[in-house]
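Enquirer: Dropping a prediction and its sequence here:
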Number of protein chains: 2
Amino acid sequence: MAEEHHPDHAPLELENFLPYRLSILSNAVSQAIADDYQRRFDLSMTEWRVMAVLARFDGLSAREVAERTLMDKVAVSRALAKLVETGWVTRATHDGDKRRSVLGLSEAGWAIHEVVAPMAREHERNLLSKLDDEERTWLVRILDKLQAIEPK
Amino acid sequence: MAEEHHPDHAPLELENFLPYRLSILSNAVSQAIADDYQRRFDLSMTEWRVMAVLARFDGLSAREVAERTLMDKVAVSRALAKLVETGWVTRATHDGDKRRSVLGLSEAGWAIHEVVAPMAREHERNLLSKLDDEERTWLVRILDKLQAIEPK
DNA sequence: TGCAAATGGTTTCATATGTAACTATAACGC
DNA sequence: GCGTTATAGTTACATATGAAACCATTTGCA
């Protein structure tokens, strides 16, 4: 069954254009989750991501947080300013390198994490429940391949 | 092979968290394309999306453009203001309903489209080239299912 | 008719985000 | 040691985005 070959200059069908579909799906999913914790804790997506990596990797510096979240350092700096202010993240100065910060979740931060992480997982479960096992397996495999570092 | 069952409160592994992966992938892809036409034509992603739907559906109103692009009407209004200003989109008033606009690509707008659409397709091809036929088929199927309207 | 409610679209304002400049500290080369 | 360069992080500025208020017109209906 030969597929119609669209001339390159024909109008784009956004609804079949992969980058567009990814964008719509991704935004819908992320926004749904973010709305949830935003409403309950006044926590932005960037702030939550910072907390999530600090939950896993205690003692990171701001730069390391930026690396792990793929956010830029300004965004991390701002998120940290607010998180430290609200008392969910602790910030100390590295021994032997006064430029570096040493970050971690506070008690209160862990308490937030214990609520938000399950919420996030629940959303993910909900999303994945639309797929069967075979589709889930393919999805992971496909994402792995698409995300492989651009060779260029 | 039983997969470890993560307790809900365990730290999220962002790199395995589907919404996060989608977000990273989607942003990387969209941004790469947008950088391209932004640099060449000073055209934002929202502006390009408006042009893309007008290429397919001539004579839409602003609200219809918003529906088709899933953008909100303010974003569309702003994109149109700029596109009309640069002369890539024409705007008239609907006969019989003076609230509604009647939009379309101008000659110049079509010329831009003839350059940008192939560029966008090229990026998509590039992305899809990382997958084999079977994976591509599954991807479309999976996206269809994930994007099925939330029943809730 | 004529007036309340709805619709198309723009403007305003408040917030978010990215880029570049800046400060402080540390590392490097001589 | 000491000047240059690099690194961690913040601040300032300019632009983008979203929510709500707003204006004009049209629709619904007593």
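Expert: Received, thanks.
Enquirer: With adjacent residues omitted, what lies nearest to the spatially most central residue of chain A?
Expert: Closest to where the C-alpha atoms of chain A average out (CA atoms, centre = their mean) is residue A:49, at 5.7 Å. Leaving aside its sequence neighbours, residue A:49 sits nearest to residue A:69 (CB to CB, 6 or more residues apart in numbering or on different chains; 4.6 Å). Just so you know, the C-beta spots here come from the backbone N, C-alpha and C atoms, and that holds for glycine as well.
Enquirer: is it true that residue A:90 lies in a strand?
Expert: Yes: assessed by DSSP: H, G, I helix; E, B strand; the rest coil, residue A:90 belongs to a strand.
Enquirer: and it, what is it in contact with?
Expert: With contact set as CB atoms under 8 Å, 6 or more residues apart in numbering or on different chains, residue A:90 has these partners: A:84, A:103, A:104, A:105, A:106, A:109.
Enquirer: just to revisit the earlier point, separation between the residue nearest to residue A:49 and residue B:96?
Expert: Distance of residue A:69 to residue B:96, computed by CB to CB, to the nearest Å: 53 Å.
Enquirer: Could you check which of those two has the larger neighbour count?
Expert: Between residue A:69 and residue B:96, residue A:69 has the larger neighbour count (other CB atoms under 10 Å in any protein chain shown), namely 20 against 6.
Enquirer: ok, now which ones touch that one?
Expert: A:46, A:49, A:50, A:53, A:76, B:14 are the contacts of residue A:69 under CB under 8 Å, 6+ apart.
Enquirer: In the helix or strand harbouring the residue nearest to the centre of chain A, which residues are buried?
Expert: According to DSSP states H and E, residue A:49 maps onto helix A:45-56. Within helix A:45-56, the residues scored as buried using 16 or more other CB atoms under 10 Å in any protein chain shown are A:45, A:46, A:47, A:48, A:49, A:50, A:51, A:52, A:53, A:54, A:55.
Enquirer: Now tabulate those residues in JSON lines and tack on pLDDT and distance to residue A:24.
Expert: Putting the buried residues of helix A:45-56 into JSON lines (pLDDT from 0 to 100; distance: CB to CB, whole Å) gives the following:
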{"residue": "A:45", "pLDDT": "95", "distance to residue A:24": "17"}
{"residue": "A:46", "pLDDT": "95", "distance to residue A:24": "21"}
{"residue": "A:47", "pLDDT": "96", "distance to residue A:24": "24"}
{"residue": "A:48", "pLDDT": "96", "distance to residue A:24": "22"}
{"residue": "A:49", "pLDDT": "96", "distance to residue A:24": "21"}
{"residue": "A:50", "pLDDT": "97", "distance to residue A:24": "26"}
{"residue": "A:51", "pLDDT": "97", "distance to residue A:24": "27"}
{"residue": "A:52", "pLDDT": "96", "distance to residue A:24": "24"}
{"residue": "A:53", "pLDDT": "96", "distance to residue A:24": "27"}
{"residue": "A:54", "pLDDT": "97", "distance to residue A:24": "30"}
{"residue": "A:55", "pLDDT": "96", "distance to residue A:24": "29"}
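Enquirer: Which single one of those is nearest to DNA strand C?
Expert: DNA strand C lies nearest to residue A:46 out of the buried residues of helix A:45-56, by CB to the nearest atom of the strand, at 5.3 Å.
Enquirer: quick one on the thing from earlier: so which pair among the contacts of residue A:69 is furthest apart in space?
Expert: A:76 and B:14 (13.8 Å; CB to CB).
Enquirer: Which one's more surrounded, those two?
Expert: Using other CB under 10 Å, the more surrounded residue of residue A:76 and residue B:14 is residue A:76, with 25 against 19.
Enquirer: what's the closest non-adjacent residue to that one?
Expert: residue A:66 (4.5 Å).
Enquirer: Pull the contacting residues for the one you found.
Expert: Residues near residue A:66 by CB under 8 Å, 6+ apart: A:72, A:73, A:75, A:76.
Enquirer: What sits closest to the second one if chain neighbours are left out?
Expert: With sequence-adjacent residues excluded and distances taken as CB to CB, 6+ apart, residue A:73 is closest to residue A:66, at 4.8 Å.
Enquirer: do the same with the first one
Expert: Sequence neighbours aside, residue A:66 is the residue nearest to residue A:72 in space, at 6.4 Å (criterion: CB to CB, 6+ apart).
Enquirer: Please identify the helix or strand for that neighbour.
Expert: In the assignment (DSSP H and E), residue A:66 maps to helix A:62-69.
Enquirer: Using the three-state scheme, assign the one residue in chain A that gets nearest to DNA strand C.
Expert: Nearest to DNA strand C, among the residues of chain A, is residue A:98, at 3.5 Å (CB to the nearest atom of the strand). Of the three states, residue A:98 takes coil under three-state DSSP.
Enquirer: State the pLDDT value of it.
Expert: With respect to pLDDT, residue A:98 scores 92.
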